[in-house]
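*Asks:* give me the fold of what follows.
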Amino acid sequence: MKKKLSRLDFINMKQSGEKVAWVTAYDYWTAQFAEAAGMDMLLVGDSLGMCIYGYEGTVPVTMDQCIYHSEAVRRGAPNTFVIGDMPFLSYQVNNDEAVRNAGRFFKEAGVDAIKLEGGQRVCPQIRAIANAGMLVMGHIGLTPQSSGQLGGFKAQGRTAEIAVELVEDALAVQDAGAFALLVEAVPPEVCKIIRDRLTIPVYGIGAGVDTDGQVLIVSDLLGVFQAFTPKFVKKYANLAEVTINALQAYVDDVRSGRFPEPKHCYTMIEGELPKLKEELSKRLESK
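*Replies:* Numbers count the residues shown, from 1 in each chain. Here you go, the predicted structure:
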């Protein structure tokens, strides 16, 4: 049986230079496959808004949606470290609401940690959740929930001024009690500085190789999400093409009568068909 990693395991992996591999997952079957592949962590990201529900962004995603999908992922990957993603306005209002909503992930979905976006401005919430006994992962750089303030889905930290702010955010998130940090869409040089300055693990998505591990959106990795492909994505499969081809083959078989074949059908017990016809004949004649 696969051993579920813990916070201490991730710290030890950082210290030994062993990379952590993780992806997003939104459903039971993806979680099953990811655990079978040996994934270290799974993030039930609010990216499910785009990848599952077809929203234009992550802002419309609700707590209930995140909980439902986290429950499914937990069932599919019982021996993998699972992180629930705090959706927009589930933690920004005040500390009490942040703790209450974080607690829902643990109580209702059985996650191992939660993740929230933002640097210094959300440190009070990080501290409150951590003080309540829950593991918190920070997320800085390109933070999709606040992409409007950032000028859209654009790389962050490309100037010295903004890069300094990111380093300060990273240190503040660590000091607030986060057990790990995700850095998104940031130049590799900046991410390396952050990784080298922090004692907690620093993971990246679109932030170069100098991290303690990598995460990708599973729908991008598998070639399922078709709306756009970020620069930092490497597609390891093209399931969209495979799926469309399979569905087209099914349509063709149905329309041509090639499906179903006899091997796909159930048969009556030998000798029962004549009895059926005889019985139907009698009943119809009696009417």
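*Asks:* pLDDT of stretch 100-117, averaged?
*Replies:* Averaged across stretch 100-117, pLDDT comes to 98.
*Asks:* kindly report the same for stretch 229-245.
*Replies:* 92.
*Asks:* got the contact list for it?
*Replies:* Stretch 229-245 has contacts (Cβ atoms under 8 Å, 6 or more residues apart in numbering) with 153, 185, 205-207, 216-217, 220-224, 226. C-beta coordinates here come from the backbone N, C-alpha and C atoms, glycine included.
*Asks:* out of the residues you listed, which end up buried?
*Replies:* When these are checked for burial by 16 or more other Cβ atoms under 10 Å, the buried set is 185, 205, 206, 207, 216, 217, 220, 221, 222, 223, 224.
*Asks:* surely the third one meets residue 188?
*Replies:* So that's residue 206. No - the criterion here is Cβ atoms under 8 Å, and residue 206 misses it with residue 188 at 9.6 Å.
*Asks:* circling back to that earlier point, narrow the contacts of stretch 229-245 to those in helices?
*Replies:* Among those, the ones falling in helices (DSSP state H) are 220, 221.
*Asks:* out of the contacts of stretch 229-245, which is nearest to residue 172?
*Replies:* Set against residue 172, the nearest of the contacts of stretch 229-245 by Cβ to Cβ is residue 207 (18.2 Å).
*Asks:* pLDDT score for the closest one?
*Replies:* The per-residue pLDDT reported for residue 207 equals 97.
*Asks:* now it: how far from residue 105?
*Replies:* Note on residue 207: its distance to residue 105, by Cβ to Cβ, to the nearest Å, is 25 Å.
*Asks:* what's the answer for residue 204, then?
*Replies:* 23 Å.
*Asks:* ok, residue 234 next?
*Replies:* From residue 234 across to residue 105, the span is 29 Å (Cβ to Cβ).
*Asks:* who's more crowded, the two?
*Replies:* residue 105 (28 against 9; other Cβ atoms under 10 Å).
*Asks:* identify the bridge partners of the closest residue to residue 5 other than its chain neighbours.
*Replies:* Excluding its sequence neighbours, the residue lying closest to residue 5 (Cβ to Cβ, 6 or more residues apart in numbering) is residue 81, at 5.1 Å. Note on residue 81: beta-bridge partners by DSSP bridges are residue 41.
*Asks:* hang on, residue 81 packs against residue 2?
*Replies:* No - assessed by Cβ under 8 Å, residue 81 is found out of contact with residue 2, at 10.7 Å.
*Asks:* list the residues that contact residue 18.
*Replies:* Each residue near residue 18 by Cβ under 8 Å, 6+ apart is listed here: residue 12.
*Asks:* tell me where the stretch 1-150 of the chain has helices.
*Replies:* Under the criterion DSSP state H, counting those that start in this stretch, helices of the stretch 1-150 of the chain are mapped to 7-16, 28-36, 48-51, 63-76, 95-109, 123-131.
*Asks:* quick one, the fifth one and helix 63-76 angle?
*Replies:* Between the axis of helix 95-109 and that of helix 63-76 there is an angle of 40 degrees, by axes from the mean of the first three to the mean of the last three Cα atoms, to 10 degrees.
*Asks:* buried residues of helix 95-109, list them for me.
*Replies:* Buried residues in helix 95-109 (16+ other Cβ under 10 Å): 95, 98, 99, 101, 102, 104, 105, 106, 108, 109.
*Asks:* with adjacent residues omitted, what lies nearest to residue 126?
*Replies:* In space, residue 126 comes closest to residue 176 once its chain neighbours are excluded; the distance is 4.0 Å by Cβ to Cβ, 6+ apart.
*Asks:* with residue 22 instead?
*Replies:* Nearest one to residue 22, counting by Cβ to Cβ, 6+ apart, is residue 41 at 3.6 Å.
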